[in-house]
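Novice: Kindly generate the corresponding structure for this input.
(one chain, ligands or ions: 2)
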Amino acid sequence: MLVLDSVTVRYGEHLAVDDANLRFSAGSSVVALLGPSGSGKSTVLRAIAGLEPLLTGRITFAGTDISEVPVHRRNIGLVFQDGQLFPHRTVAGNVAYGLTIRRPGQNSVLPRDARDARVAELLALVGLHGYENRRVDQLSGGEAQRVALARALAPHPRLLLLDEPLSALDKGLRERLAMDIRRIVADSGTPALVVTHDQSEAAFLADEIAVIIDGRIRQIAPPRKLWSAPADRAVASFLGYTSIVPAEVEHGVARSALGATSVDVPDGPAELALSADSLVVARHGPITGVVTSLAVLPDGLRLRVVIDGHGEFAARGAVHDEVLVGGIGEVVRLGLDGRRTGVIRPVQADSHVR
Ligand code: ADP
Ligand code: MG
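Specialist: Numbering: from 1, shown residues only. Ligands and ions are numbered 1, 2, ... in the order given. Below you'll find the model as predicted:
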């Protein structure tokens, strides 16, 4: 198990990682580190790999402090955005790379036969059976990332770190490869921490998502919990929730002036976090709004509405609901879609300052 305990990393005056705590349970094989650009994701990975010194805190693996262990002795596999394959080696030459250098505790490198067998095993695992003699500059982007993954896994690392492994690929390929990476990593039995700035990608890749914003890890939760109960407004905003409405949670239901949604947070004051999908056009909906803009997209209506006393909100509808919307300046009836709505439990709720 990997534990980051109050880890702080500073570049000059800039606090890139601020008191990060992360506990990597053996049960979840892939954890995603999700955050906007510049939030400190790569710095966390570099610190775990030993490429960045810690200002404070410590990193332990299986109970042993590795904070002072040099990079090459940590036995951690790394995969970067662009794979960084060796261009003059074949696919097999790349995958075998980590097997040709002597590792700590080993007296000699693997014999040739064992090395070839391991390369073939890894290529089969990543879906590139028979690719041994291909040149790496003739691979597609997705194939190159599979080779990078195979290369990282070949020396049996105890942990795999992947930094935006999909972001150089075409959008259509990302979802597919994300699910493949998740399966490959699970099949390899190696726990992995994967960095991404894309929330869907995080959910395709990981069992658990750690959200980092401004160098601080704000929340660690399975995707379902993260979408339904973001820890604070910054997390909610990053996840695409654009409006906040006060609410009260009682017996698992959060009630607000705009409607109710069921949620898994304790009773007490809370906030509903609304996305562009939360308010939906509904013939007999309980909320009325005035339409301020309307667009008809392939997957439905996108509108903005002003709700008296609450301000302006995004809303959506099915294409055939256009008849219910009328036009700009007209009144439309809306309902709250609880599946697309989050609930934030404010920390202040427990405070004695009321
Ligand atoms: P992310 O991977 O989430 O985009 P990084 O971890 O790369 O973020 O960077 C976090 C912050 O630290 C950013 O503000 C970045 O500009 C800064 N930073 C990263 N590397 C360095 C460096 N070597 N020197 C100075 N500042 C850096
Ligand atoms: Mg980065």
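Novice: In stretch 291-303, which of the residues would be classed as buried?
Specialist: Going by neighbour count (16 or more other C-beta atoms under 10 Å), the buried part of stretch 291-303 is Val291, Leu294, Gly300, Leu301, Arg302, Leu303. C-beta: built from backbone N, CA, C; applies to glycine.
Novice: Pick out the residue of the stretch 51-200 of the chain closest to ligand 1.
Specialist: Val195 (6.5 Å; C-beta to the nearest ligand atom).
Novice: Excluding chain neighbours, what is closest to that residue?
Specialist: Lys41 (4.4 Å; C-beta to C-beta, 6 or more residues apart in numbering).
Novice: In this structure that neighbour contacts Leu33, no?
Specialist: Yes. Judged on C-beta atoms under 8 Å, Lys41 makes contact with Leu33 at a distance of 5.1 Å.
Novice: So which of the two has more stuff around it?
Specialist: Using other C-beta atoms under 10 Å as the criterion, Lys41 and Leu33 rank with Leu33 on top: 29 against 26.
Novice: ok, that one to Ile48 distance?
Specialist: Distance from Leu33 to Ile48, counting by C-beta to C-beta, to the nearest Å: 10 Å.
Novice: which residues do those two both contact?
Specialist: Leu193 (C-beta atoms under 8 Å, 6 or more residues apart in numbering).
Novice: Leu177: helix or strand, and which one exactly?
Specialist: helix 171-188 (DSSP states H and E).
Novice: model confidence over that helix, on average?
Specialist: For helix 171-188, mean pLDDT is 91.
Novice: Next up, the contacts around the residue nearest to Val195.
Specialist: Taking C-beta under 8 Å, 6+ apart, one finds Leu33, Leu34, Gly35, Asp163, Val195, His197, Ile212 in contact with Lys41.
Novice: ok, 7 Å please
Specialist: Leu33, Gly35, Val195, Ile212 (C-beta atoms under 7 Å, 6 or more residues apart in numbering).
Novice: Repeat that for Gly40.
Specialist: Counting by C-beta under 7 Å, 6+ apart, Gly40 has contacts Ala16, Val17, Ile212, Gly215.
Novice: what's the farthest-apart pair in these?
Specialist: Distance extremes for these: the farthest pair is Ala16 and Ile212 at 10.4 Å, using C-beta to C-beta.
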